[in-house]
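[1] structure for the following, please:
(one chain, ligands or ions: 1)
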Amino acid sequence: MNSLGSDLRWWLRLARPYAGAFALGVAVSIVTVSANMALLAVAGWFIASMAAAGLAGAGMNYFTPAAVIRGLAIVRTGGRYLERLITHDATLRLLTGLRVWFYRQIEPLSTVDMRNGDLLARVRADIDTLDHVYLRLIAPVTVGLACLLGAVAVMWLYSPAVAHVNLALLGVAGIALPGLTYRLGRAPGAAAVDTSARMKAAAVDWVEGLGELTVFGALEPRRETIDALSRDWIAHQKQLSKLSGLSSAGVLLLTNLALVGTACFLVPLIRSGALQPVDFAPLILLVMGCFEAVALMPGAWQALGQARAATARLRAFEDRRPAVAEPAHPAPPPACEAIRFDHVGTRYQADDTWALREVTLTIAPGEHIAVVGPSGAGKTTFVNLLLRLAEIREGEIRWDGRPLSAYRAADLRARIAFVPQRVYLFHTSVRENLLVGRPEATAEDMIAAADVAGIHDDIMALPEGYDTLVGEEGLRLSGGQIRRIGIARALLRDTPLVILDEPFEGLDMRTAARLWSRLERHLADRTLIVVSHDLARVHDFARILVLENAGLVADGDHATLVRHCETYRRLQGAYFNRRLDRHAPDAGRGETAPTPELSLRRHA
Ligand SMILES: Nc1ncnc2c1ncn2[C@@H]1O[C@H](COP(=O)(O)OP(=O)(O)OP(=O)(O)O)[C@@H](O)[C@H]1O
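    Model prediction:
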């Protein structure tokens, strides 16, 4: 774990843009807490003076102190409101800033590093924990110290001995006791943050996989896992509550000791005439006010344990290296030119096996290429290399004559329209989801793209057409519809290279065939790379790359591959066997006529 000083500097660096609001919040808090202490003291003095004047039968001006008391009460109430408004607003801004910071950190790491879904849930919990740093740590400690020093200075004017006693006891209540509580609370605090993050991740995972868990009857073990995490969390929280209760009791004890001690010093002073009797009440009340301010400190130190555990995990992101390095002097983005692979190889980690190796080929501008291969052959990796989501470890890929590493990753990606294997839809309207591809696109462009992707009619059939909300992750749409929205989104970008990873998945044969014929026409003069398991569509391509065991095993058209490539024949066989099984009467699907593609199997 980093040192406390280094963590504090890290927080302050992130909070710098909001420093003005935070400083204002602290200033208003100091005024509020001081007004509260002064109110107690002046009220005490006023009551004592009135009583003394009554006993002596003397008159006194009660207008001024009454006005001061009212003024202080108004400042205290208004200040409390303003302080809440400013500090909470600043904290929410900081949390927003932290989220932006986090996305900046993960953006260059690429999706490849972020495959761990529960990581995001943990990070979200960690970022939320950091709102404690200001509200429960920095603000109360700064305000407490400022007000206490002011109050002790006032005591000093009346009696240095009283100031000494209170300073010592306030030190114990505000520093020693919270320090001890912090030490004791560090382990349960860190464990509580960790358990809470794991619990949230498990709950999200459970809800997302509810369908599968129900079907496989695996709900109970999952529920028990979450129950166990929840019990752990409660146990850690109990420990923290016990500590916080003990420290509150400690502060109360110290408050009473301070009151008794102060009285012990004041009474002889009053007896000797060194102090006015009416000064007794305000000084005692001032002591009470000081301990009220110090009572917030143990909570602050406890928050420190939780905040540092969260900080350690967040700071770990800063140490992660991006998956690909950016060039110092980026070349202008590539034009629609040839892409050449020269003995290209990659693996995701230095000690992993090769995900792709010795790939040498040239893709001419405007060429349409299909990439096939068994699962794990390296098809997605092939695409990841082009998108610079994975680093080339061997050989070189050149586009428009320059290595990919010569371009800024963002410039390169702006020249590629990509539909990933799993299309992600945001919880907003269909329109907004499509415009992610090109925010400035006109309604006509959007409809034209949707039309090519064969989704326009489906969208128009939705209750509010393009303005229909798709639901979280597109839950209101079928898998095939989500995929076609993803394709339309990519088509909206007028890029020289289009990459579609499994574009036909989730589509029936007829829809897939129609989609392909439209795509083929629409993308006639653009370079197109389609990764697909749908061998029925693939045989339409003039060029098919066959990958297996991280290598390029064949490159040719369907007829050539059927004749010369064993892997391709195997893939065809497996694919059409699957289709045959689906159409077989004993598969319970009825008497569906064999499709024309089935003849290919015989041909193969
Ligand atoms: N992010 C990653 N980190 C580590 N290894 C990875 C990563 N992505 C892929 N791999 C590994 O690289 C190899 C090639 O995977 P890749 O996803 O490219 O295959 P694929 O042909 O696309 O498979 P599928 O058809 O199942 O999607 C596999 O051994 C896989 O386990």
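[2] count of residues packed around residue 504?
    23 (other Cβ atoms under 10 Å). Heads up, the C-betas are built off the backbone N, CA and C, glycines and all.
[3] quick one: low-confidence residue ranges for the stretch 401-550 of the chain.
    472-475 (pLDDT under 70).
[4] whichever residue of the stretch 151-300 of the chain sits closest to the ligand and residue 227, how far apart?
    Of the residues in the stretch 151-300 of the chain, the one nearest the ligand is residue 212, at a distance of 18.6 Å by Cβ to the nearest ligand atom. Applying Cβ to Cβ, to the nearest Å, the value for residue 212 to residue 227 is 20 Å.
[5] show me what the strand or helix carrying residue 361 is packed up against.
    Assessed by DSSP states H and E, residue 361 sits inside strand 356-363. Counting contacts by 3 or more Cβ pairs under 8 Å, 6 or more residues apart in numbering; DSSP states H and E, strand 356-363 packs against strand 339-346, helix 379-386, strand 394-399, strand 551-556.
[6] can you rerun that using 6 Å?
    strand 339-346, strand 551-556 (3 or more Cβ pairs under 6 Å, 6 or more residues apart in numbering; DSSP states H and E).
[7] tilt between the last one and strand 356-363?
    When axes from the mean of the first three to the mean of the last three Cα atoms, to 10 degrees is applied, the directions of strand 551-556 and strand 356-363 differ by 20 degrees.
[8] then the next helix or strand after strand 551-556 to CSV, C-alphas only?
    Note on strand 551-556: by DSSP H and E, the next helix or strand toward the C-terminus is helix 558-564. Backbone C-alpha positions of helix 558-564 (Å, rounded to 0.1, in the frame of the first residue of the first chain) are rendered in CSV as follows:
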residue,chain,number,x,y,z
HIS,A,558,-14.5,-21.7,-51.5
ALA,A,559,-13.9,-24.1,-54.4
THR,A,560,-10.1,-24.1,-53.9
LEU,A,561,-10.5,-24.6,-50.1
VAL,A,562,-12.9,-27.4,-50.5
ARG,A,563,-10.4,-29.2,-52.7
HIS,A,564,-7.2,-28.4,-50.8
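[9] 864 is where my numbering starts, stick with that
    OK, 864 is where the count begins now, so the last one is helix 1421-1427.
[10] contacts for stretch 1373-1390?
    For stretch 1373-1390, the surrounding residues in contact (Cβ atoms under 6 Å, 6 or more residues apart in numbering) are 1228-1230, 1315, 1317, 1359-1361, 1367, 1400.
[11] rerun at 8 Å
    For stretch 1373-1390, the external contacting residues (Cβ atoms under 8 Å, 6 or more residues apart in numbering) are 1199, 1202, 1226-1231, 1314-1317, 1343, 1347, 1350, 1354, 1358-1361, 1363, 1366-1367, 1370, 1391, 1397, 1399-1400, 1403.
[12] report the buried members of those residues.
    Buried members of these, counted by 16 or more other Cβ atoms under 10 Å: 1202, 1226, 1230-1231, 1314-1317, 1343, 1347, 1350, 1354, 1358-1361, 1363, 1366-1367, 1370, 1391, 1397, 1399-1400, 1403.
[13] so which of those sit within strands?
    Mapping the buried ones among the contacts of stretch 1373-1390 onto strands (DSSP state E) picks out 1202, 1226, 1231, 1360-1361, 1363, 1391.
[14] next, give me the two most distant ones among those.
    Comparing every pair within those by Cβ to Cβ identifies 1202 and 1363 as the most remote, at 15.9 Å.
[15] got a list of what the residue of the stretch 1014-1163 of the chain closest to the ligand touches?
    Per Cβ under 8 Å, 6+ apart, neighbours of residue 1075: residue 1081.
[16] for it, phi and psi?
    Phi and psi for residue 1075, reported as degrees, to the nearest 10, are phi -60, psi -40.
[17] quick one: pLDDT of it?
    At residue 1075, the model reports a pLDDT of 81.
[18] the one 10 residues further on now?
    Reading off the confidence values, residue 1085 has pLDDT 86.
[19] please identify the helix or strand for it.
    Short version, using DSSP H and E: residue 1085 is in helix 1082-1135.
[20] what's the angle between the strand holding residue 1224 and strand 1257-1262?
    Interaxial angle, strand 1219-1226 versus strand 1257-1262 (the same axes, to 10 degrees): 20 degrees.
[21] after the helix holding residue 1085, next one along is what?
    Following helix 1082-1135 in sequence, per DSSP H and E, is helix 1143-1157.
[22] for the helix or strand following that following helix, buried residues please.
    Using DSSP H and E, the helix or strand that directly follows helix 1143-1157 along the chain is helix 1160-1181. Using 16+ other Cβ under 10 Å as the test for burial, helix 1160-1181 gives 1160-1174, 1176-1177, 1180.
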